[in-house]
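A.B. asks: Pasting a predicted model and its sequence here:
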Amino acid sequence: MIRSVLCSLRGFSTLPPLLQAAWLSFAIGLFMTLLHLWIFNVVDYGLDGASVESLSGKVLYADRGGMLIEDADSGEYTRLKVVRGISYLNVGHDQILGRTLSFTHLRDAVLSCTLDGQELCIAQCANAMECLDSRRERETPQGILIVAFGTSLACLGLHGLRRRKSASGSGIF
């Protein structure tokens, strides 16, 4: 798609292949930069301003994405999510079903959970800002960004070398 847009630009198809590749990878890098800025400045994953809360309750349902908890004090049901970058569950889901656990959570995201003092959910951050930063780092396309701009620079460098070699008449490329 990006290549077809670039080809529709005047004279793009007449450029040498290395320059076409440089422009294409630069366009991809620019897109990834905009995506990176959007993720870091707009997306808050519902964590902005959240405070750490505690809950003790019986696990009625559990799967990879979360748990349904019956609050031990009020009897109310609460759905908590296990979110990568915030916490991870280090036991099987079937091992916590029907058990009463103590949870700390940010809104609906589990931070930690314990059963008789043994940590079953491991927190990877301590507060909303740390968790927000952790989520943003997991979601940003930094690798693609670096590869795109690196490819662009490599293509420009190879094109420059090719022009220099052809001007000197050695004909290596």
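C.D. replies: Here it is on my side, so go on.

A.B. asks: what's the longest helix that the chain contains packed up against?
C.D. replies: Taking DSSP state H as the criterion, the chain has its longest helix at helix 142-168. Packed against helix 142-168 by the contact rule (3 or more CB pairs under 8 Å, 6 or more residues apart in numbering; DSSP states H and E) you find helix 17-41. The way it works is simple: take the backbone N, C-alpha and C, and place the C-beta from them, glycine included.

A.B. asks: report the angle between the axes of the helix it packs on and helix 142-168?
C.D. replies: Our comparison of helix 17-41 with helix 142-168, counting by axes from the mean of the first three to the mean of the last three CA atoms, to 10 degrees, yields an angle of 160 degrees.

A.B. asks: mean confidence score for whichever helix or strand comes after helix 17-41?
C.D. replies: Next helix or strand after helix 17-41 toward the C-terminus (DSSP states H and E): strand 52-63. Mean per-residue pLDDT for strand 52-63: 94.

A.B. asks: tell me how far strand 52-63 is from the chain's mean position?
C.D. replies: Distance, stretch centre to chain centre, for strand 52-63: 26 Å (CA atoms, centre = their mean, to the nearest Å).

A.B. asks: for it, which positions count as buried?
C.D. replies: Buried residues in strand 52-63, defined by neighbour count with 16 or more other CB atoms under 10 Å: Leu55, Gly57, Lys58, Val59, Ala62.

A.B. asks: Closest to Gln20 out of those residues?
C.D. replies: Closest approach to Gln20 among those (CB to CB): Ala62, at 51.5 Å.

A.B. asks: tell me the average confidence for the longest helix of the chain?
C.D. replies: Mean predicted lDDT for helix 142-168 stands at 78.

A.B. asks: How far does it sit from its chain's centre?
C.D. replies: With CA atoms, centre = their mean as the basis, helix 142-168 stands 28 Å off its chain's centre.

A.B. asks: do the same with stretch 110-126
C.D. replies: Here stretch 110-126 is found 22 Å from its chain centre; the criterion is CA atoms, centre = their mean.

A.B. asks: In it, which residues are buried?
C.D. replies: Neighbour-count burial for stretch 110-126 flags Val110, Leu111, Ser112, Cys113, Leu115, Leu120, Cys121, Ala123, Gln124, Cys125 (criterion: 16+ other CB under 10 Å).

A.B. asks: And for stretch 66-76?
C.D. replies: Residues Gly66, Met67, Ile69 are the ones in stretch 66-76 that count as buried (16+ other CB under 10 Å).

A.B. asks: Brilliant, that's me finished.
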